[in-house]
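Trainee: When you get a sec, could you give me coordinates for this:
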Amino acid sequence: TAPTGTLLAITPQNANMQNFPVTAQFAFLVYGLADDPAPLPFSLAAFDMKGSYLWNNALGTLPIQVVTSGNATQLVPVPYNLGLAGLTVTFQWFAIMPAPYPAVTSDGLRVTIGR
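Mentor: Numbering: from 1, shown residues only. Predicted coordinates:
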């Protein structure tokens with residue numbers, strides 16, 4: 001839960017590829033308002049991202065972040081608006097790996113706006 005009027009820090013940790021000693025160089029955060037809406041989760045294998053899935057309805061992205069030692073932080077302001085209480089916002093990281101490795105995704109994160 002994220003209270004209205006606060007700053008939400010969303011941080012991927014250990015942004016690396018499974019089974020490879022490769023750490024992401026950059027990452028960006030995708031946001032949406034629904035998780036698992038049909039036809040999700042959607043496999044991203046056709047985009048050279050085997051084993052990665054899109055978990056939310058991806059309404060937009062936040063600015064790209066530099067990844068240092070597998071970590072990054074995206075600060076998301078939660079407006080002070082009590083009308084937002086109960087709203088679910090979903091997030092998912094896309095980590096950009098060094099060539100020749102593909103980009104990978106994180107699991108989805110669900111945040112409910114609180115009072």
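Trainee: Every contact and neighbour count from this point should use C-alpha atoms.
Mentor: Will do.
Trainee: ok, Pro102 to Leu44 distance?
Mentor: If you measure Pro102 against Leu44 using CA to CA, to the nearest Å, the figure is 11 Å.
Trainee: cool, Gly114 as well?
Mentor: Gly114 sits 32 Å away from Leu44, taking CA to CA as the criterion.
Trainee: In the sheet, which residues pair with the residue nearest to the spatial centre of the chain? Tell me.
Mentor: Against the mean C-alpha coordinate of the chain, by CA atoms, centre = their mean, the closest residue is Gln92 at 2.0 Å. Beta-bridge pairing of Gln92, defined through DSSP bridges, involves Val30.
Trainee: Next, count neighbours for the nearest residue to Met97 once chain neighbours are set aside.
Mentor: When the adjacent residues along the chain are set aside, Met97 lies closest to Ala24, with 4.4 Å between them (CA to CA, 6 or more residues apart in numbering). Residue crowding around Ala24 was assessed by other CA atoms under 10 Å; the count is 25.
Trainee: about what we covered before: what residues are up against the residue nearest to the centre of the chain?
Mentor: Gln92 sits next to Leu29, Val30, Tyr31, Leu54, Trp55, Asn56, Thr105, Ser106, Asp107, Gly108, Leu109 when contact means CA atoms under 8 Å, 6 or more residues apart in numbering.
Trainee: Looking at it now. What's its pLDDT?
Mentor: As summarised for this prediction, Gln92 has a pLDDT of 91.
Trainee: picking that back up, report pLDDT for the residue nearest to Met97.
Mentor: Reported pLDDT at Ala24 in the predicted model: 87.
Trainee: Can you tell me the strand partners of the helix or strand of the chain with the lowest mean pLDDT and which way each runs?
Mentor: For the chain, scoring each helix and strand by mean pLDDT, DSSP states H and E identifies strand 104-105 as the least confident one, at a mean of 82. Strands adjacent to strand 104-105 in the sheet, as given by DSSP bridges, are strand 88-96 (antiparallel).
Trainee: Fine, thanks again, bye for now.
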